[in-house]
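Engineer: Next come a sequence and a model predicted from it.
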Amino acid sequence: MNQRLLSRTAQTWLHAGLGLAWAGWVVSLIVCFFSLPLVSGWTHALIGPRQHHDDAKRISAWVAGGDVEAKIPLGYRAGELTPKEQDHYTDVRRLLRWNRTVTGVGFSLLLLLGLSQAGRKAAVAAAGIALWEFFMLLAIAVVWAVVHWRSLFAFCHNLFFAEGSWRLPKNSVSLQLFPQSYWQEMFGLVLFGAALVILFGWAWARHCRSAGAPITSGTKN
């Protein structure tokens, strides 16, 4: 009895961990999508300052670019990037590369899970748990953003960048190209995109459970 209880507890924690990893991977996938030059250009045209659209596209293209030797463009209609701004964009570029790596590794792990029936069952269970974990985190993030956006923005930046390295003066070129309103709406778009993918995963998990054969070629257990 105790062994059975321990086994169920371990399985619950495993599924919870996989669910959290699944939710995190989905967010990284959505960030990858929105960082693509074509997509970032479209989103800036939609929610960014129109007078700075061309300049924002140039920076976004460099940040998402794969050419390591390429130098960041310095001169823009709004002015010239300061050394601190250049360093921050270099940090962002490095972070996006890591994010693409994490996304690729996560996708590979999902494929590996699909190779065994136990892995498929774990993936299905994790997809269901990820829905609730993600929406709990989503509720916290939304309330936090509404109550005190600046502290949420600072928290997210301090997770990935050195303290103070991302803080720029109000008259900086970067804040003219990407003002606070842009990041607020971008935050909403990323969460909305992640929510859609999580819901799709949950619907897929329900379908697999009702079919009685998680991710198989139509055969039932």
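Structural biologist: Received, thanks.
Engineer: Contact partners for residue 161?
Structural biologist: Applying Cβ atoms under 8 Å, 6 or more residues apart in numbering to residue 161 gives the contacts 88, 91, 95. The C-beta positions use only the backbone N, C-alpha and C, and glycine is treated the same way.
Engineer: can you give me the helices for this protein?
Structural biologist: Assignment of helices within the chain using DSSP state H yields the ranges 2-35, 37-47, 53-64, 83-113, 117-147, 149-160, 173-177, 180-211.
Engineer: among those helices, which gets the worst mean confidence?
Structural biologist: Among those, helix 2-35 carries the lowest mean pLDDT, at a mean of 72.
Engineer: What's the local residue count around residue 90?
Structural biologist: A total of 13 residues lie near residue 90 under the criterion other Cβ atoms under 10 Å.
Engineer: do you know how far it is from residue 37?
Structural biologist: Separation of residue 90 from residue 37 (Cβ to Cβ, to the nearest Å) stands at 17 Å.
Engineer: just residue 49 next, same as before
Structural biologist: Looking at residue 49 against residue 37, where the rule is Cβ to Cβ, the gap reads 18 Å.
Engineer: How about residue 201?
Structural biologist: 27 Å.
Engineer: closest one to residue 76 among the helices of the chain?
Structural biologist: Of all the helices of the chain, it is helix 53-64 that lies closest to residue 76, at 4.1 Å by Cβ to Cβ.
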